[in-house]
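> pasting the sequence and the predicted coordinates here, then a few questions.
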Amino acid sequence: MLACFRMGIVAVTTNPNLTTRELRYQFRKSGSKSIISMKSNESIISSLSNSHLMKILLVN
């Protein structure tokens, strides 16, 4: 998160146990355009692929 702050990016923390609908709502309301998440959350994140998000980055 420190790297995000240094780059001027606003970090929005979330709970990956939320439903797709809840995550989509949270990302839409926060104005998020990108997601950086653990690769273990890939199935959850892939269900958001049709939303307004422009970039999705999965890391190990």
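Looks like it arrived, so ask away.
> show me the shaky parts of the chain.
49-51 (pLDDT under 70).
> residue boundaries of the strands in it?
For the chain, strands defined by DSSP state E occupy the ranges 34-38, 55-59.
> okay, these in a markdown table with distance to F5 and mean neighbour count next?
Any C-beta I mention is one placed from the backbone N, CA and C, and that applies to glycine too. Shown next, in a markdown table, are the strands of the chain (distance: least, C-beta to C-beta, whole Å; neighbours: other C-beta atoms under 10 Å):
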| stretch | distance to F5 | mean neighbour count |
| --- | --- | --- |
| strand 34-38 | 13 | 14 |
| strand 55-59 | 17 | 11 |
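> turn the ones you listed into JSON lines, columns for distance to N15.
Below are those laid out as JSON lines (distance: least, C-beta to C-beta, whole Å):
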{"stretch": "strand 34-38", "distance to N15": "12"}
{"stretch": "strand 55-59", "distance to N15": "17"}
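> any idea which of those gets closest to T14?
Shortest separation from T14 across those is recorded for strand 34-38, at 9.0 Å, computed as C-beta to C-beta.
> so what's the residue most central in space within the chain bridging to?
Note on the chain: the residue nearest the mean C-alpha position is I35, at 3.2 Å, using C-alpha atoms, centre = their mean. Beta-bridge partners recorded for I35 (DSSP bridges): I56.
> now it: how far from L48?
In this view, I35 and L48 are 7 Å apart by C-beta to C-beta, to the nearest Å.
> now do the shared contacts for the two.
27, 56 (C-beta atoms under 8 Å, 6 or more residues apart in numbering).
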